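**Student:** Next comes the sequence, and after it the predicted model I'd like to discuss.
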Amino acid sequence: MDVLVVEHPLAQARLTVMRDERSDSATFRAALHELTTMLAYEATRDAAVDRPAIRTPVTDTYGIALANPPLLVPVLRAGLGMADAALSLLPESSMGFVGLARDEVTFEPRAYLESLPADLTGKPVIVLDPMVATGGSLEHCVRLLCDRGATDITVLCALAAPEALRRLDESGLPMRIVTASIDEGLNEHRFIVPGLGDAGDRQFGGM
Ligand code: PRP
């Protein structure tokens, strides 16, 4: 499984704002938005392109256009805070939604929404979720995508735990992860350490 860590200082500065417990919700959301732009930019560096013929005010030439715009899939709730930024950078994208909540006792994901196209054959998919902790939520989401025929799946996240990366690698599911950090690990509550707390609560308040 390919894992790309975006170490650009501008990305790390946004992640630092997100980690800082003094950042209020508006500040956290703004930093996540900007970080998502950078993650999406790096993730699409090798995207397939077409060379459309265009005319400048001076002459005929060829340009560049994305050959196959992706399906964006924010994982609710926390992934919603990444959706606008990804859609702005990839305006030709379509969007699907998966709603998952992690059970606080078993730590297993519970699905409450699956709004995805029935056939994803040949469609690049970009999953948006700020945090990959045990990897259970992401594994569940990627299985939904694979069941619909997706094989080109990229995950954008702010943080990933090494435990999750091992689990996802062992799952054999086809995915590439683009993250701003691989943190130290999980604590007894399966929270990422040092992490940033709960990205859904930090953005939208507790439930
Ligand atoms: C968080 C996060 C991931 C998941 C990661 O969501 O946004 O979806 O937990 O944990 P895992 O890797 O151990 O599965 P949460 O369940 O807190 O829901 P929320 O986005 O609605 O806050």
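**Tutor:** Yep, that arrived. Keep in mind that this is a model prediction, so the values were computed, not measured.
**Student:** Quick check: end-to-end length of stretch 52-67?
**Tutor:** End-to-end distance for stretch 52-67: 10 Å, by CA to CA, to the nearest Å.
**Student:** what does that stretch contact?
**Tutor:** When contacts are defined by CB atoms under 8 Å, 6 or more residues apart in numbering, stretch 52-67 is touched by residues 44, 47-51, 90, 92. Using the backbone N, CA and C atoms, a C-beta is placed for each residue, glycine as well.
**Student:** residues of it that come out buried?
**Tutor:** Leu66 (16 or more other CB atoms under 10 Å).
**Student:** ok now that stretch, how far from the chain's centre?
**Tutor:** Mean-position distance between stretch 52-67 and its chain equals 31 Å (CA atoms, centre = their mean, to the nearest Å).
**Student:** Average pLDDT for the top helix by length along the chain, rounded please.
**Tutor:** Using DSSP state H to define each element, the chain has its longest helix at helix 25-43. Averaged across helix 25-43, the pLDDT comes to 98.
**Student:** That one close to the ligand?
**Tutor:** No. Applying CB under 6 Å from any ligand atom, one finds helix 25-43 out of contact with the ligand, separated by at least 11.1 Å.
**Student:** Take the contacts of stretch 52-67 and keep only those in helices.
**Tutor:** Among the contacts of stretch 52-67, no residue falls in helices (DSSP H).
**Student:** could you dump these to a markdown table with distance to Leu186 and neighbour count?
**Tutor:** Below are the contacts of stretch 52-67 laid out as a markdown table (distance: CB to CB, whole Å; neighbours: other CB atoms under 10 Å):
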| residue | distance to Leu186 | neighbour count |
| --- | --- | --- |
| Thr44 | 30 | 19 |
| Ala47 | 32 | 15 |
| Ala48 | 36 | 10 |
| Val49 | 39 | 13 |
| Asp50 | 43 | 11 |
| Arg51 | 46 | 11 |
| Leu90 | 31 | 21 |
| Glu92 | 37 | 10 |
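**Student:** From these, which land in strands?
**Tutor:** Using DSSP state E, the subset of the contacts of stretch 52-67 located in strands is 49-50.
**Student:** and Val17, what is it in contact with?
**Tutor:** 23, 27-28, 31.
**Student:** burial of Ser94, as a residue count?
**Tutor:** Ser94 is flanked by 13 other residues according to other CB atoms under 10 Å.
**Student:** is the closest residue to it other than its chain neighbours in a bridge, and if so with what?
**Tutor:** Spatial nearest neighbour of Ser94, excluding adjacent residues (CB to CB, 6 or more residues apart in numbering): Leu71 at 5.2 Å. Note on Leu71: beta-bridge partners by DSSP bridges are Ser94, Val125.
**Student:** Could you report the distance from Leu71 to Arg143?
**Tutor:** Leu71 sits at a distance of 16 Å from Arg143 (criterion: CB to CB, to the nearest Å).
**Student:** And the two? Which one has more around it.
**Tutor:** Leu71 (20 against 12).
**Student:** so the more buried one sits right up against Pro124, yeah?
**Tutor:** Yes. Using CB atoms under 8 Å, Leu71 is in contact with Pro124, at 7.3 Å.
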